[in-house]
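1. Attaching a predicted model along with its sequence, questions to come.
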Amino acid sequence: TGERIDLKNMPLDDEATFTIFREGNTDGVFQFESTGMKDLLRRYKPESFRELIAMNALYRPGPLQSGMTEDFIRCKHDPTRIKYDPPELEPILKETKGLIVYQEQVMRIATDIAGFSMAEADLLRKAMGKKKTAVMKSQKKRFVDGAKKNGISSANASKIFEQIKFFAGYGFNKSHSAAYAYLAFQTAFLKAHYPVYFLAALLTSEAERGATPQVVKYINECREMGIRVLPPDINRSDLHFSVEGKDIRFGLAAIKNVGEGAVRAMIEARRRAEVESQAFASPFDICREVDPKALNRKVIESLIKSGALDGFGYTRSQLFSLIDEMVAYAGDYQRALEYSRSRSCLAVVSSIAGSALVLVLVLTGWLGSLENLMSTLSFGPILRGILYVYLVALIFAAVSLPVAIYGQFVIEDKFGFNKMTWKLFILDTMKGLAVSVLLMTPLLWGLFLLIRATALWWLWGFLLFTGFQLVMIVLYPKVIAPLFNRFT
């Protein structure tokens, strides 16, 4: 939503959140989503955060079996059942309706009633929790003596000691329960105010750990809350469950047998397709754009079964019948890409080889000698310059063309001899030469009109030729060849 939520300062009296608890609608709420706890919430109907702390502490085997939990519920709805015996316990037990629920209450009784130090009270708590009879016997005398000093009779002191002795075995650490209740309140707050986003995150969490039964459970929870879980869609789904308007879109990574690596590859390919034109228009688009190592047969089958490819307009039986063709197409397309890359590398290598020879001839002064020879010709300087550049091109081709042919043999050996690819190689070479002649003549003519008065015109010719080769390598496959094919 773009809204920044400050969970540390959320209101602990939020009515919508307590409605979640009172109705027992706590699927996905930390520590409060078991069947027994939901039943307890519906019967108790908590109204304050402190009551949530107490319920978290009481929903354990000891308090449940001893009847403490039921007593707590009865006291909630019938305050006349609350008793503080003796009355001195009221300040300590008022929060828990006269019941000793927390270990901290045991310690406070020992300090407030019997004058124990905090260290002594902690020893008493440990002895009662572990039922150390000898220690409790000695502690009882110390407790009664301390209580008498505070004006409490021996009988009442003994009664209090026996009471805390009984409850201490079931007492729970309040700070622990409070931390759990606070985290539970945070999750319930999110569920109450941002249900779609909360459940999308919850579904993602369960799917990531492979808990299929939990995913099914929370999908049913979405339905009960009126939130639609839309099926997976190769053109709409993200890696995880995502929010789509008021609905939740099934995440591709949650589909069985579709790994996260495959999903990331598909999403990345989809984003590239969206930038260039549109999203996937057919299942073959996916096979073309995604590496076959990531999009194997098993992944394709799982995508079809899940309905992720239903948006293409094919029935699932039709898609299953196309799997062999899709897998073959993916492999062929990747081989074609690799072949194209190899051809591009070959073009660069052959051009470098030819240019290297021309550069050597420049540095050794051979091209200077060629200039002196051509100066004896009766042609004009411009025509002589053009002829010079074409001679340099012939020298270039004498090296680059054999390299290109040898490289083509290597490529064909790797990909398998194919008359069609050789035919395409020859046609591409002829097109390249034709385009070079068509483009080079006017470019050279214009250049030599500018530099004809320059003494080192042969060096300018070499620079022009080298620059032209670089431009051809970059522009020919993407711009020149498509235009040439369109008109021829």
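-> Arrived safely, thanks for sending. These numbers were taken from a predicted model, which means no experiment stands behind them.
2. where in the stretch 151-300 of the chain is pLDDT low?
-> Per-residue confidence of the stretch 151-300 of the chain (counting by pLDDT under 70) places the weak regions at 169, 274-278.
3. Quick one: the strands in it, in order.
-> Listed in chain order, the strands of the stretch 151-300 of the chain (DSSP state E, counting those that start in this stretch) span residues 229-230, 242-244, 247-249.
4. Would you convert those into CSV that also reports distance to Asp285 and mean neighbour count?
-> Just so you know, the C-beta spots here come from the backbone N, C-alpha and C atoms, and that holds for glycine as well. Shown next, in CSV, are these (distance: least, Cβ to Cβ, whole Å; neighbours: other Cβ atoms under 10 Å):
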stretch, distance to Asp285, mean neighbour count
strand 229-230, 21, 17
strand 242-244, 22, 17
strand 247-249, 20, 20
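5. for these, which one sits closest to Glu208?
-> Shortest distance between Glu208 and these, using Cβ to Cβ, is found for strand 242-244: 13.9 Å.
6. Check which helices and strands the closest one sits against.
-> Here strand 242-244 touches helix 195-208, strand 247-249, going by 3 or more Cβ pairs under 8 Å, 6 or more residues apart in numbering; DSSP states H and E.
7. List the contacts of it.
-> Strand 242-244 is contacted by residues Val196, Tyr197, Ala200, Leu230, Arg236, Ile248, Arg249, Gly251 when judged by Cβ atoms under 8 Å, 6 or more residues apart in numbering.
8. Can you add distance to Val216 and give those back as a markdown table?
-> Converted to a markdown table, the contacts of strand 242-244 look like this (distance: Cβ to Cβ, whole Å):
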| residue | distance to Val216 |
| --- | --- |
| Val196 | 18 |
| Tyr197 | 20 |
| Ala200 | 16 |
| Leu230 | 16 |
| Arg236 | 22 |
| Ile248 | 14 |
| Arg249 | 17 |
| Gly251 | 15 |
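9. Among these, which pair sits farthest apart?
-> Greatest spatial distance among the contacts of strand 242-244 (Cβ to Cβ): Tyr197 and Arg236, at 17.4 Å.
10. In contact with Trp149, which residues?
-> Not Trp; residue 149 is Lys. The contact partners of Lys149, taken as Cβ under 8 Å, 6+ apart, are Gly115.
11. May I have the predicted confidence score for it?
-> Lys149 carries a pLDDT score of 87 in this model.
12. For stretch 161-177, list the C-alpha coordinates in CSV.
-> Output of stretch 161-177 as CSV, limited to C-alpha atoms (Å, rounded to 0.1, in the frame of the first residue of the first chain):
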residue,chain,number,x,y,z
PHE,A,161,2.1,-20.6,51.5
GLU,A,162,0.1,-23.7,50.7
GLN,A,163,-1.8,-21.7,48.1
ILE,A,164,1.3,-20.6,46.3
LYS,A,165,2.8,-24.1,46.7
PHE,A,166,-0.2,-25.4,44.7
PHE,A,167,-0.2,-22.8,42.0
ALA,A,168,3.6,-22.5,41.6
GLY,A,169,3.7,-25.8,39.8
TYR,A,170,1.7,-24.3,37.0
GLY,A,171,3.0,-20.7,37.1
PHE,A,172,4.4,-19.3,33.9
ASN,A,173,7.0,-16.7,33.3
LYS,A,174,5.0,-13.4,32.7
SER,A,175,7.7,-11.7,30.7
HIS,A,176,7.8,-14.6,28.4
SER,A,177,4.0,-14.7,28.0
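13. List the contacts of it.
-> 53-54, 56-58, 60, 62-63, 66, 68, 85, 99-106, 109-110, 125, 128-129, 131, 136, 140, 143-144.
14. Please indicate which of the residues you listed are buried?
-> 53-54, 56-58, 63, 68, 99-106, 109-110, 125, 128, 136, 140, 143-144 (16 or more other Cβ atoms under 10 Å).
15. Filter these down to the ones in helices?
-> Among the buried ones among the contacts of stretch 161-177, DSSP state H puts 53-54, 56-58, 63, 68, 103-106, 109-110, 125, 128, 136, 140, 143-144 in helices.
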